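Coordinates for the following, if possible.
(chains A, B and C)
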Amino acid sequence: MTNPHQRLQQLGIVLPKPAAPIANYVPFTRTGNLLIVSGQIAFGNDGLLTGILGKDMNIEAGKIAARACAINLLAQVAVALDNDLGRVTQVLRLGGFIQTDPAFTDIPNVMNGASDLMVDVFGDIGRHARFAVGCSSLPLGSAVEVDGMFEIA
Amino acid sequence: MTNPHQRLQQLGIVLPKPAAPIANYVPFTRTGNLLIVSGQIAFGNDGLLTGILGKDMNIEAGKIAARACAINLLAQVAVALDNDLGRVTQVLRLGGFIQTDPAFTDIPNVMNGASDLMVDVFGDIGRHARFAVGCSSLPLGSAVEVDGMFEIA
Amino acid sequence: MTNPHQRLQQLGIVLPKPAAPIANYVPFTRTGNLLIVSGQIAFGNDGLLTGILGKDMNIEAGKIAARACAINLLAQVAVALDNDLGRVTQVLRLGGFIQTDPAFTDIPNVMNGASDLMVDVFGDIGRHARFAVGCSSLPLGSAVEVDGMFEIA
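Just a heads-up that it's a prediction; the model follows:
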């Protein structure tokens, strides 16, 4: 059984303290065993990862941005679960939005940056359904936005 | 406890009579306590609010379009709940799609037009998870499209 | 009561054998009675249906692409349900992403290709909530991507 907090430590990831919401929405809601997490943009340790895939950002940088979104999702999940990620029983779905030039179509590869992180942290229960699409623009110019649904105990 | 119908009246909002579906989909489905509402476009009292943010529509007009989508969501929720919005126990999630020029990235601000309406009508249980992204185009040129998930009693 | 397997046969549709996932995500997850299926692109019998609506693909071709996505969704649902589509009790929601030129806004019409297929196969329980939006680009240049949520017994 994978311990997600141990895995984060092994991966050298310290979950950021999520920013307080600045509008009339919240980082997550829950109903029954379902935890719904708001779309997270690509804030990393050095600020927001901005760029347009196929124009001024390459795939490797895009994957890092997608991974940052996934880390920010986990930071919100940790808050929702009183800092116990072990209460996640299944990552149900990730919704991936990639900021793309119309000619760029290697969207799944970019999104793998988020998907890989989930499996790195949760093991088999980290394998999720997902979609990944290209967007004309994203909040603040973030290269990627990812939202999530988690089954929790 | 906020009474959503009183709040609508105080806000001067009369929910529109939703149009009958003209294709093989329905305005909402439900499973258990979950109500899933189809994406609503920005039909207002004077017709559809069309435009592209960052090109021919400014942020204030975009917020009004997002608010119109939210009102149309509530109109569908009211039909689903036999006109008793008091049966909504939590607004779970809004999905926001904004029609944008690639250079426009102030997407959260536009989406606030929909989020604010939910909290104006439902109070604390109106605070929802959400995502907001920019789209190259939307149905009929609507400036905004918003779908929703609600927990109901 | 519609038998979905008989309907598929009458429609001359043979569900494709879904490809094995090639990344850290899975074709579907489930929680309780909810089946969540990953976004499917427009692989048909003759390969992937690529194109941009309003640029190099017309509406009829777009509807065929949307229908192909819907067939691929059903192929995944069949795997999830041990090849018994009769266990679907309601098609809850389709999420439709159409690859569009910014000037193209007849998105609902294209998406009807997917919606019609669900009702053709499942009858009344095939009527679903949906959204449909235009994307600047989609995986591998697919004209359409559709994901789905199903209530299952």
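
where exactly do the helices run in chain A?
When assigned using DSSP state H, the helices of chain A occupy the ranges A:4-10, A:59-80, A:107-122.

Export the shortest one to PDB, keeping only CA atoms.
Listed in PDB are the C-alpha atoms of helix A:4-10, where the atom choice follows Å, rounded to 0.1, in the frame of the first residue of the first chain:
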ATOM      1  CA  PRO A   4       1.100   9.200  -0.200                       C
ATOM      2  CA  HIS A   5       2.800  11.400   2.300                       C
ATOM      3  CA  GLN A   6       5.900   9.200   2.200                       C
ATOM      4  CA  ARG A   7       5.800   9.300  -1.500                       C
ATOM      5  CA  LEU A   8       5.600  13.100  -1.600                       C
ATOM      6  CA  GLN A   9       8.700  13.200   0.700                       C
ATOM      7  CA  GLN A  10      10.600  10.700  -1.500                       C
END
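
and it with chain C, contact?
No - using CB under 8 Å from any CB of the partner chain, helix A:4-10 never reaches chain C; the gap is at least 13.9 Å. Where you see a C-beta, it was placed from the backbone N, CA and C, and this is true even at glycine.

what does stretch A:89-104 give?
Yes - interface with chain C: stretch A:89-104 contributes A:Gln90, A:Val91, A:Leu92, A:Arg93, A:Leu94, A:Thr100, A:Asp101, A:Pro102, A:Ala103, A:Phe104 (CB under 8 Å from any CB).

is the residue of chain A found nearest chain C in a bridge, and if so with what?
When scored by CB to the nearest CB, chain A has A:Phe131 as its residue closest to chain C, at 3.0 Å. Per DSSP bridges, the residues bridged to A:Phe131 are A:Gly95.

burial measure for it, as a count.
25 (other CB atoms under 10 Å in any protein chain shown).

A:Gln6 versus that one, what's the distance?
30 Å (CB to CB, to the nearest Å).

Apart from its chain neighbours, what residue comes closest to the most far-flung residue of chain A relative to its centre?
Centroid-distance maximum for chain A: A:Ala103 at 24.3 Å, with CA atoms, centre = their mean. Leaving aside its chain neighbours, A:Ala103 sits nearest to A:Gly54 (5.5 Å; criterion: CB to CB, 6 or more residues apart in numbering or on different chains).

And for the single nearest residue of chain A relative to chain B, the neighbour number?
Using CB to the nearest CB, the closest approach of chain A to chain B is made by A:Gly39 at 3.1 Å. Other residues within reach of A:Gly39, judged by other CB under 10 Å, total 28.

now A:Phe104
Per other CB under 10 Å, the neighbour tally for A:Phe104 reads 21.

Let me see the contact set for the residue nearest to the spatial centre of chain A.
Ranked by distance to the mean C-alpha position of chain A (CA atoms, centre = their mean), the top residue is A:Ala70 at 2.1 Å. Counting by CB atoms under 8 Å, 6 or more residues apart in numbering or on different chains, A:Ala70 touches A:Gln40, A:Leu94, A:Gly113, A:Ala114, A:Ser115, A:Leu117, A:Met118, A:Val146.

Next, give me the two most distant ones among those residues.
Greatest spatial distance among the contacts of A:Ala70 (CB to CB): A:Gln40 and A:Ser115, at 14.3 Å.

who has more neighbours, these two?
A:Ser115 (28 against 25).

So which residues on chain A come close to chain B?
So chain A meets chain B at A:23-29, A:31-32, A:36-39, A:52, A:95, A:97, A:102, A:135-141, A:145, A:147 (CB under 8 Å from any CB).

Would you check that A:Leu117 makes contact with A:Ile71?
Yes - contact criterion CB atoms under 8 Å: A:Leu117 and A:Ile71 qualify, at 6.6 Å.

Comparing the two, which residue is more hemmed in?
A:Leu117 (26 against 22).

how far away is that one from C:Ala65?
Taking CB to CB, one finds A:Leu117 at 31 Å from C:Ala65.

try A:Arg7
In terms of CB to CB, A:Arg7 sits 40 Å off from C:Ala65.

wait, what's in contact with the residue of chain A closest to chain B?
Per CB under 8 Å, 6+ apart, neighbours of A:Gly39: A:Gly95, A:Phe97, A:Pro139, A:Glu145, A:Val146, A:Asp147, B:Arg130, B:Phe131, B:Ala132, B:Val133.

any idea how far the residue nearest to the centre of chain A is from C:Ser136?
22 Å.

For A:Asp84, grab the count of nearby residues.
Neighbour count of A:Asp84, defined by other CB under 10 Å: 14.

sorry, back to before: could you dump the helices of chain A into TSV and include distance to C:Ile13 and mean pLDDT?
TSV is the format used below for these (distance: least, CB to CB, whole Å; pLDDT from 0 to 100):
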stretch	distance to C:Ile13	mean pLDDT
helix A:4-10	42	95
helix A:59-80	35	98
helix A:107-122	26	98
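
Out of these, flag the one nearest C:Phe122.
For those, the distance to C:Phe122 is smallest for helix A:107-122, at 28.6 Å, taking CB to CB.

Please state the offset of that closest one from the chain centre?
8 Å (CA atoms, centre = their mean, to the nearest Å).

tell me what that helix is packed against?
On a contact count with 3 or more CB pairs under 8 Å, 6 or more residues apart in numbering or on different chains; DSSP states H and E, helix A:107-122 meets helix A:4-10, helix A:59-80, strand A:88-99, strand A:129-135, strand A:144-152.

can you state the direction angle for that helix and strand C:144-152?
Taking axes from the mean of the first three to the mean of the last three CA atoms, to 10 degrees, one finds helix A:107-122 and strand C:144-152 inclined to each other by 40 degrees.

pretty sure A:Gly126 contacts A:Asp120?
Yes - between A:Gly126 and A:Asp120 there is a contact at 7.4 Å, judged by CB under 8 Å.

Compare these two and say which is more crowded by neighbours.
Counted by other CB under 10 Å, A:Gly126 and A:Asp120 do not tie: A:Gly126 has more neighbours, with 23 against 19.

Quick check: pLDDT value at the more buried one.
Predicted confidence (pLDDT) for A:Gly126: 97.

hmm, who's touching stretch A:47-66?
Identification of contacts with stretch A:47-66 by CB under 8 Å, 6+ apart yields A:41-44, A:68, A:96, A:98-104, A:106-107, A:109-114, A:134, A:140-144, A:146, B:102, C:137.

Generate a ChimeraX selection restricted to the buried entries among those residues.
Filtering the contacts of stretch A:47-66 down to the buried ones (16 or more other CB atoms under 10 Å in any protein chain shown) takes a single ChimeraX command:
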select /A:41,42,43,68,96,98,99,100,101,102,104,106,107,109,110,111,112,113,114,134,141,142,143,144,146 /B:102 /C:137
